[in-house]
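*Asks:* just a sequence and a predicted model for now, questions to come.
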2 protein chains.
Amino acid sequence: MLRTYVDMNLVSGKQPHAWDLGEFYLIDRIRALVPDIDLTDDCAQIELPYEGTLLFTTDAAIRGVHFPEDSKYIADGGFRALAGAVSDINASAGKPLAALLALVIPPELTLSEFDRFLSGLLEYSRHSEVPLVGGNISRGDRFGATISVIGSSNKVVTRSGARPDDLVVLSGSIGGSEIGRMIISGEASDADIKSLDSEIIGTLLYRHLRPLPPLGLGEKLAAIGATSMVDISDGLIADVEHIAEASGVNIHIELGKLPLYPGVTEIAQRHRIEPAILAAESGEEFELIATMSLKDAEELEKLQMPMTVIGRVRSGNGFVDVTLNGEPIPPGFSEGWKHF
Amino acid sequence: MLRTYVDMNLVSGKQPHAWDLGEFYLIDRIRALVPDIDLTDDCAQIELPYEGTLLFTTDAAIRGVHFPEDSKYIADGGFRALAGAVSDINASAGKPLAALLALVIPPELTLSEFDRFLSGLLEYSRHSEVPLVGGNISRGDRFGATISVIGSSNKVVTRSGARPDDLVVLSGSIGGSEIGRMIISGEASDADIKSLDSEIIGTLLYRHLRPLPPLGLGEKLAAIGATSMVDISDGLIADVEHIAEASGVNIHIELGKLPLYPGVTEIAQRHRIEPAILAAESGEEFELIATMSLKDAEELEKLQMPMTVIGRVRSGNGFVDVTLNGEPIPPGFSEGWKHF
């Protein structure tokens, strides 16, 4: 009967609303898309590798807060929702094992939007090999998802183990997420981006909409001796501050060392922003920041991943001092990432 | 500086809004209330008992949907949010181990409401000995929490193992949650409840606002041989249907056997509703329904818990037939529980 209702709407050209079809219809729809999901029972069951520590994290992805309001980005919202939660496991030096999805569905969400959000989420699920094993659907006022992920680790790395003299290392290159956000929001105009190669514009948009945390790297950094670790979610400086505070050390960051994502320099300069400062404040990059001894850092090359030394830990009590090509940058220049 | 801001507001009699104080202030506030919580790191770490199966569940509790809008019930909302998620572990025959809290905070939520929601949640955390080990805070349009719980089980029971000839057993007594909802919503008037003892009215309200799933009972029922199990969240008949469908059997339920919560008969009769039908449709009771062989059911007495045989499994393909004192009740009388 429900299927007939859908067909009637499609024939008439009306977009059916997801919630009008009922919770059980939507559950069946998820089942059809995710063959392995267990939405029958009260809990998902997971057979664990019987060693190591269990990691457990939860992350919200709310439309208009964590991903753009515009319907055309809704599949990206699903992709990003799972990627963001999985990144927390990576940053704790764990292997992600399984995810749960709690969806909140407002009356105006169309079935097409529901489907596209799920398809984006499943795309990241396949990419990361993190199965969606269960979930929950509720009605609400604003579309959003809370994703919970479990993982396991044989050598957990927290934010609190940085020691004086450790080097600070960063994976990949940064700033692209913020530039992508500026392009989507219109803060970066067509005139701003016209000098860029269209392929670079595409990667900037994807960097923001479909971030790809460097999965597996957290475990590798732990294995070579990382003393503390965090993923960039609030922005590099804000996240380095989390390490400094949790570890009870000071940390010096030299912005001149930051590897910048392609296109960041051009757009930042057109906006008269120092590119390295923009990159240091760019949130949701999902690259890893780790601290480790000089000796252990010699092993970084073996990873064959782009890793850059960007600073050094000093004794202290929770402060981060920042220089740009040796010149001090006043504290407080960075306020972390602003959501939509 | 944040603390000064709070004090200024308290002095002036204004209620500060939680979100205005900033995410990090609220995180500190949770830390002060929950000494063991790890809100420093990206993930919570849990050392597991290295045996059995891991259970993993997530449940949303949204203001105005899963608990009443009125501010005076907000502590109850926190209590119920964790109780509802923990109940899923109980219904899978597991022991709950730890919980994560993802909060969505709208601009109008006051700091007092934030505190009271947390205090209710922590009250259930202490009662159930399920520690809150981590979480996440986002802004949004409507206050709500998504709670994820992990547990472990040496003998998981699902909804899909019911076999023909099994008995259907129910823990405790039911109907109280729906009557409590009717009193709170005003559907049951002062005139309706004036014949009731004030202590009974109190237990009816608590039954709805602060449900207490029979923790530990799921594991005990599994140990004596339960073949399938579910907690009452949608309503007894709707949840028995879940077992029938998942197990590929028919199930007969005799409503005359249902143990009714004190006060249910009086209020239902004043509303000209058959009390057993009201009880069979009452959601969020969190009592357990299990199936087991006649022989295993002989062990139920040893549990020294109120358990009642309410029906029987038959061969079939997913249908539930319902009688009241032997008279058939037409299918479709039950539509599950209506949220606020």
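*Replies:* Received, thanks.

*Asks:* from here on, just use CA atoms for contacts and neighbour counts.
*Replies:* Fine.

*Asks:* where's A:Phe117, which helix or strand?
*Replies:* Assigned by DSSP states H and E, A:Phe117 falls within helix A:111-128.

*Asks:* so for that helix, mean pLDDT?
*Replies:* Per-residue pLDDT over helix A:111-128 has a mean of 95.

*Asks:* keeping just the C-alphas, turn it into CSV.
*Replies:* What follows is helix A:111-128, C-alpha atoms only, in CSV (Å, rounded to 0.1, in the frame of the first residue of the first chain):
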residue,chain,number,x,y,z
LEU,A,111,12.1,10.9,0.1
SER,A,112,14.6,11.9,-2.5
GLU,A,113,16.6,13.8,0.1
PHE,A,114,16.4,10.9,2.5
ASP,A,115,17.7,8.5,-0.2
ARG,A,116,20.5,10.9,-1.3
PHE,A,117,21.7,11.4,2.3
LEU,A,118,21.9,7.7,2.8
SER,A,119,23.6,7.1,-0.5
GLY,A,120,26.3,9.5,0.4
LEU,A,121,26.7,7.9,3.8
LEU,A,122,26.9,4.5,2.2
GLU,A,123,29.5,5.7,-0.3
TYR,A,124,31.8,6.6,2.6
SER,A,125,30.9,3.3,4.3
ARG,A,126,32.1,1.4,1.3
HIS,A,127,35.2,3.5,0.9
SER,A,128,36.2,3.2,4.5
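
*Asks:* mind listing what the following helix or strand past that helix pairs with, with the direction of each?
*Replies:* Proceeding C-terminally, helix A:111-128 gives way to strand A:132-139 as the next helix or strand, assigned by DSSP H and E. According to DSSP bridges, strand A:132-139 forms sheet pairs with strand A:95-105 (parallel).

*Asks:* which SS class is the residue positioned nearest the centre of chain A?
*Replies:* Among the residues of chain A, the one closest to the centroid is A:Gly84, at 3.3 Å (Cα atoms, centre = their mean). With DSSP: H, G, I helix; E, B strand; the rest coil as the basis, the three-state label of A:Gly84 is helix.

*Asks:* backbone dihedrals for A:Ala81, please?
*Replies:* When read as degrees, to the nearest 10, the backbone of A:Ala81 gives phi -60, psi -50.

*Asks:* settle this for me: it is touching A:Ser148, isn't it.
*Replies:* No. Between A:Ala81 and A:Ser148 there is no contact under Cα atoms under 8 Å: 10.0 Å.

*Asks:* quick check: neighbours shared by those two?
*Replies:* Common neighbours of A:Ala81 and A:Ser148, using Cα atoms under 8 Å, 6 or more residues apart in numbering or on different chains, are A:Asp59.

*Asks:* number of nearby residues for A:Gly134?
*Replies:* 26 (other Cα atoms under 10 Å in any protein chain shown).

*Asks:* and it, what are its bridge partners?
*Replies:* A:Leu100.

*Asks:* repeat for the one 5 residues further on
*Replies:* The residues paired with A:Arg139 through beta bridges, assigned by DSSP bridges, are A:Ile105.

*Asks:* thinking again about what came up before, contacts only, for the residue nearest to the centre of chain A.
*Replies:* Per Cα under 8 Å, 6+ apart, neighbours of A:Gly84: A:Asp59, A:Pro211, A:Pro213, A:Glu284, A:Phe286.

*Asks:* which bits of the stretch 201-340 of chain A sit near chain B?
*Replies:* Within the stretch 201-340 of chain A, the positions lying close to chain B (Cα under 8 Å from any Cα of the partner chain) are A:Val230, A:His242, A:Ala246.

*Asks:* tell me the strands beside whichever helix or strand the first one is part of, with direction?
*Replies:* Going back to what we said before, that points to A:Val230. In this structure, A:Val230 sits in strand A:228-231 according to DSSP H and E. Sheet pairing here is set by DSSP bridges, and for strand A:228-231 it gives strand A:288-292 (antiparallel).

*Asks:* so where do the helices sit in chain A?
*Replies:* A:2-12, A:23-33, A:74-91, A:111-128, A:176-185, A:190-193, A:198-209, A:217-224, A:236-247, A:264-270, A:275-281, A:294-297 (DSSP state H).

*Asks:* distance between the fifth one and the chain's centre?
*Replies:* For helix A:176-185, the distance between its averaged C-alpha position and the chain's averaged C-alpha position is 14 Å (Cα atoms, centre = their mean, to the nearest Å).

*Asks:* the fourth one too?
*Replies:* For helix A:111-128, the separation from the chain centroid amounts to 16 Å (computed by Cα atoms, centre = their mean).

*Asks:* export stretch A:233-242 as PDB, just CAs?
*Replies:* Provided in PDB are the C-alpha atoms of stretch A:233-242 (Å, rounded to 0.1, in the frame of the first residue of the first chain):
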ATOM      1  CA  SER A 233      38.200  19.500  13.400                       C
ATOM      2  CA  ASP A 234      38.200  22.900  15.100                       C
ATOM      3  CA  GLY A 235      41.200  24.200  13.200                       C
ATOM      4  CA  LEU A 236      44.900  23.400  13.500                       C
ATOM      5  CA  ILE A 237      45.700  26.000  16.200                       C
ATOM      6  CA  ALA A 238      42.600  25.200  18.200                       C
ATOM      7  CA  ASP A 239      43.400  21.500  18.100                       C
ATOM      8  CA  VAL A 240      47.000  22.000  19.000                       C
ATOM      9  CA  GLU A 241      45.700  23.900  22.000                       C
ATOM     10  CA  HIS A 242      43.700  20.800  23.000                       C
END
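
*Asks:* averaged pLDDT, that stretch. What do you get?
*Replies:* Stretch A:233-242 comes out at a mean pLDDT of 95.

*Asks:* then stretch A:282-301?
*Replies:* Stretch A:282-301 comes out at a mean pLDDT of 97.

*Asks:* first vs last residue of that stretch, how far apart are they?
*Replies:* 26 Å (Cα to Cα, to the nearest Å).

*Asks:* now stretch A:206-221
*Replies:* Length of stretch A:206-221, first residue to last, Cα to Cα: 26 Å.

*Asks:* now stretch A:147-167
*Replies:* Start-to-end span of stretch A:147-167 (Cα to Cα) is 33 Å.

*Asks:* ditto for stretch A:204-220
*Replies:* 27 Å.

*Asks:* so what's the nearest residue to A:Ile277 once chain neighbours are set aside up against?
*Replies:* Spatially, and ignoring its direct neighbours in sequence, A:Ile277 is nearest to A:Leu255 (7.1 Å; Cα to Cα, 6 or more residues apart in numbering or on different chains). Neighbouring residues of A:Leu255 by Cα under 8 Å, 6+ apart: A:Ala276, A:Ile277, A:Ala280, A:Ile310, A:Val322, A:Thr323, A:Leu324, A:Asn325.
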